[in-house]
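# Curious how this folds, go ahead:
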Amino acid sequence: MQKINLAEKLSTFTAHWSPKIIAELNGQHVKLVKFRGEFVWHHHENEDELFLVVRGSFRMELRDRVVEIHEGELFVVPRGVEHRPVADAEVSVLLFEPASTVNTGSAGGTRTVARPDWI
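Take a look at the predicted model:
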């Protein structure tokens, strides 16, 4: 058991769209990721995803609306809902999701990180 400093962990990487695992509990991973630009449209058949903005802001595009998520706010995307995160400037986000979750979900492709690094 040890405390985790989010700012320290975020300072260890610069890559966008490449989640890093910082903790695990009850079959869930807690991850940090930096976004910039548009991600791919995708959904997760069996997993919900929680996005908590640590620094900055981004918009979650859904097929029927767009949700602006700012620093200190969180948003849960239920399983099966198609979504695409978009960030005009770099944003740092904490993700909370089942350990089996693949970042690109149904879409696959070059941005898939099948085995995120632990930091």
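# for this structure, what spans make up the strands?
Assignment of strands within the chain using DSSP state E yields the ranges 20-25, 28-38, 49-55, 57-62, 66-70, 74-77, 83-98, 117-118.
# In CSV, list these along with mean neighbour count and distance to residue 4.
In short, each C-beta sits where N, CA and C put it, glycine included. As requested, the strands of the chain are exported to CSV (neighbours: other Cβ atoms under 10 Å; distance: least, Cβ to Cβ, whole Å):
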stretch, mean neighbour count, distance to residue 4
strand 20-25, 15, 6
strand 28-38, 19, 8
strand 49-55, 19, 12
strand 57-62, 18, 22
strand 66-70, 13, 22
strand 74-77, 16, 17
strand 83-98, 19, 10
strand 117-118, 12, 12
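# Out of those, the one nearest residue 110 is which?
strand 28-38 (13.5 Å; Cβ to Cβ).
# list the helices and strands the closest one packs on?
If you count contacts as 3 or more Cβ pairs under 8 Å, 6 or more residues apart in numbering; DSSP states H and E, strand 28-38 packs onto helix 6-10, strand 20-25, strand 83-98.
# Go again with 10 Å.
If you count contacts as 3 or more Cβ pairs under 10 Å, 6 or more residues apart in numbering; DSSP states H and E, strand 28-38 packs onto helix 6-10, strand 20-25, strand 49-55, strand 57-62, strand 83-98, strand 117-118.
# In JSON lines: the ones you listed, plus mean pLDDT.
Below are the helices and strands packed on strand 28-38 laid out as JSON lines (pLDDT from 0 to 100):
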{"stretch": "helix 6-10", "mean pLDDT": "98"}
{"stretch": "strand 20-25", "mean pLDDT": "97"}
{"stretch": "strand 49-55", "mean pLDDT": "97"}
{"stretch": "strand 57-62", "mean pLDDT": "98"}
{"stretch": "strand 83-98", "mean pLDDT": "96"}
{"stretch": "strand 117-118", "mean pLDDT": "90"}
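# Brilliant, that's me finished.
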